[in-house]
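Enquirer: Attaching a predicted model along with its sequence, questions to come.
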Amino acid sequence: SRACSVSAVPQLFDVEYLAPVQIGTPPQTLMLNFDTGSSDLWVFSSETPLRQRGGQDLYQIEDSSTAHRLGNSTWSITYGDGSRSSGNVYLDSVTVGGVNVFNQAIESATKVSSSFTNDAASSGVFGLGFDSINTVSPVKQKTFFSNALESLEMGLFTANLNKAEPGNYNFGFIDPTEFTGPISFVDVNATRGFWEFEATGFSIGGGGNGTGNSTSPMFVPVGHSAIADTGTSLLLIPAPIVQAYFWQVPGAQSSARVGGWVFPCNATLPDLIMHIGTYKAVIPGELINYAPVDTDSFDTATVCYGGVQSSSGFPFAIYGDVFFKAQFTVFDVDEMRLGFAPK
Ligand SMILES: CC[C@H](C)[C@H](NC(=O)[C@H](C)NC(=O)[C@@H](CCSC)NC[C@@H](N)Cc1ccccc1)C(=O)O
């Protein structure tokens, strides 16, 4: 089929969104982390050492009649959070929501780091970045989207993620029921292999309880490069913006112990508006209350962790799932652009 849709299921605290992928013949369905911030499709498999498994469903290579080894090829990937995995490469049939790619490179893990072992729900990562950063050696392999492109109605896919309930990824078409108003587009720079774009600044909106000030909030021109990364949970942006935001929240502080900005869970959080070209991406305050850090047994006040944190340490901002819960996003490789619309 020339288009497809697949559900995106949030895990606890929306830390990641997993989608079902069929691999091999007969089809084996695995839940994979759809990640626009990387370009390797890798899975836990029958080659993953027993002590590095943690209950994940596995790609049983020997059970697939269409699997064949990609000779003397290996892969090895490191992610921004320090997690890593590596292994061998097979070609096999992959189907997502009914769209099939016959000889998709599937990277079988013979080694994974502990954060992957400890994540029982995820059987691997489904890269949706640009082929240039695929790690297979000696010959880089293409992503599913890249391989499926010629058979898709339109050369794009969309992300429609939700807080604590399933959303979906669509390939080859834009579903007008998933957003409101016109889609605003911004150019993509794929030089670093990511869906990279330029944001121009921010403003801080009214509180969640409609106490927004009568005049429109002041635009602050803190321009920055950013990548659209569905594989990152939070919205990581320049420290001055995060500071200015949490200075509006009584009791908020940047905690070295916790490793980021925290605040009283009963705080009313203002909206954060990221300006991208002429588009104003509103992230409602309630999405910025990411999760409780801990409950102080001596009083009801609990400490909560910000869904917006600093991107210092990275060469760009990382617009992760907190952003995609608020904005319908189009990843358009035909026109090399990203599209955003309110939901
Ligand atoms: C430290 C490694 C740097 C970041 C770089 N690696 C990358 O850029 C990789 C491809 N992408 C990533 O590490 C990031 C994007 C760049 S962050 C600087 N996205 C993917 C990540 N969020 C997905 C993930 C999924 C599940 C578990 C953890 C992480 C490299 O290999 O050089």
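Expert: Everything's here; your move. Residues are numbered from 1 along each chain as shown.
Enquirer: isn't there a helix covering T135?
Expert: No: checked against DSSP: H, G, I helix; E, B strand; the rest coil, T135 lies outside a helix; its state is coil.
Enquirer: And the residue nearest to S203 when sequence neighbours are not counted, how far from the ligand?
Expert: Leaving aside its sequence neighbours, S203 sits nearest to P217 (Cβ to Cβ, 6 or more residues apart in numbering; 4.1 Å). (Glycine included, C-beta is placed from N, CA and C.) Counting by Cβ to the nearest ligand atom, to the nearest Å, the gap from P217 to the ligand is 29 Å.
Enquirer: Would you mind confirming that P217 makes contact with G201?
Expert: No: using Cβ atoms under 8 Å, P217 is not in contact with G201; the gap is 11.4 Å.
Enquirer: What parts of this protein come near the ligand?
Expert: Contact residues (Cβ under 6 Å from any ligand atom) of the chain with the ligand: 33, 35, 37-38, 77-81, 83, 125, 133, 229, 231-232, 314, 318.
Enquirer: Strands along the stretch 151-300 of the chain, start to end?
Expert: Remark: strands assigned in the stretch 151-300 of the chain by DSSP state E, counting those that start in this stretch are 156-160, 167-171, 184-187, 196-199, 201-207, 224-228, 235-237, 253-255, 260-264, 270-276, 279-283, 289-295.
Enquirer: swap in the stretch 1-150 of the chain?
Expert: With strands called from DSSP E, counting those that start in this stretch, the stretch 1-150 of the chain shows them at 4-10, 17-23, 28-35, 41-43, 68-78, 84-96, 99-112, 124-127.
Enquirer: can you redo the ones you listed as a markdown table with mean pLDDT and mean neighbour count?
Expert: A markdown table is the format used below for the strands of the stretch 1-150 of the chain (pLDDT from 0 to 100; neighbours: other Cβ atoms under 10 Å):
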| stretch | mean pLDDT | mean neighbour count |
| --- | --- | --- |
| strand 4-10 | 96 | 19 |
| strand 17-23 | 98 | 22 |
| strand 28-35 | 98 | 21 |
| strand 41-43 | 99 | 29 |
| strand 68-78 | 98 | 15 |
| strand 84-96 | 98 | 21 |
| strand 99-112 | 98 | 21 |
| strand 124-127 | 98 | 29 |
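Enquirer: Columns distance to A252 on top of the ones you listed, output as JSON lines?
Expert: Conversion of those to JSON lines gives the following (distance: least, Cβ to Cβ, whole Å):
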{"stretch": "strand 4-10", "distance to A252": "25"}
{"stretch": "strand 17-23", "distance to A252": "27"}
{"stretch": "strand 28-35", "distance to A252": "30"}
{"stretch": "strand 41-43", "distance to A252": "38"}
{"stretch": "strand 68-78", "distance to A252": "32"}
{"stretch": "strand 84-96", "distance to A252": "33"}
{"stretch": "strand 99-112", "distance to A252": "36"}
{"stretch": "strand 124-127", "distance to A252": "33"}
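Enquirer: distance of the nearest residue to S216 once chain neighbours are set aside from the ligand?
Expert: Leaving out its chain neighbours, the residue that sits closest to S216 by Cβ to Cβ, 6+ apart is S203, at 7.8 Å. To the ligand, S203 is 26 Å away according to Cβ to the nearest ligand atom.
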